[in-house]
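>>> Below are the sequence and a predicted model for it; my questions follow.
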Amino acid sequence: MNINISTVHGELTPHMKEYALRKVRKIERFLAGGMLEAQVNFSIKDPWVNAEAILKVKNGGTVVAKAREDDVFKAVDSMVDKLERQVKHLKDRRSVNRKRASQRVKSVMMDETVRESFTEEPQAEE
């Protein structure tokens, strides 16, 4: 997985960059290796810090989270919280869709079984 960090209108200390890297890497555990690339952008304009993360996920999906705080660390924490919520929601949606697909197959199978039982003619006993 490739994580890029960029800044506009200011500089981040190595400690701040490492903190952001650690936090964004934690998101990968929710995706089970499904994160392909992450771009984290910071815009520092006193007194605000804008943080934005763009994650490219397998299956062509993109997850975006933005946060605006008065401190870099608060901005990173807020951004990562938003990412976690979105990734969990995405993961839940996929599992629900999978379950729905299997339920559809099951209902079709049941419908065919019911139709067959009604179309069979009772056997005459001799």
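Arrived safely, thanks for sending.
>>> and Thr26, that one's in a strand?
Wrong residue type there; residue 26 is Lys, not Thr. No. Using DSSP: H, G, I helix; E, B strand; the rest coil, the assignment for Lys26 is helix, not a strand.
>>> Let me know the helix or strand that the residue lying closest to it once chain neighbours are set aside is in.
Residue nearest to Lys26 in three dimensions, not counting chain neighbours: Val80, with 7.1 Å by Cβ to Cβ, 6 or more residues apart in numbering. Where C-beta positions appear, they are placed from N, C-alpha and C, glycine not excepted. Secondary-structure assignment from DSSP states H and E places Val80 in helix 72-119.
>>> Tell me the secondary structure of Leu12, please.
Assignment for Leu12 (three-state DSSP): coil.
>>> tell me the SS of the closest residue to it other than its chain neighbours?
Leaving out its chain neighbours, the residue that sits closest to Leu12 by Cβ to Cβ, 6+ apart is Phe42, at 6.2 Å. Using three-state DSSP, the structure places Phe42 in strand.
>>> Lovely, talk soon.
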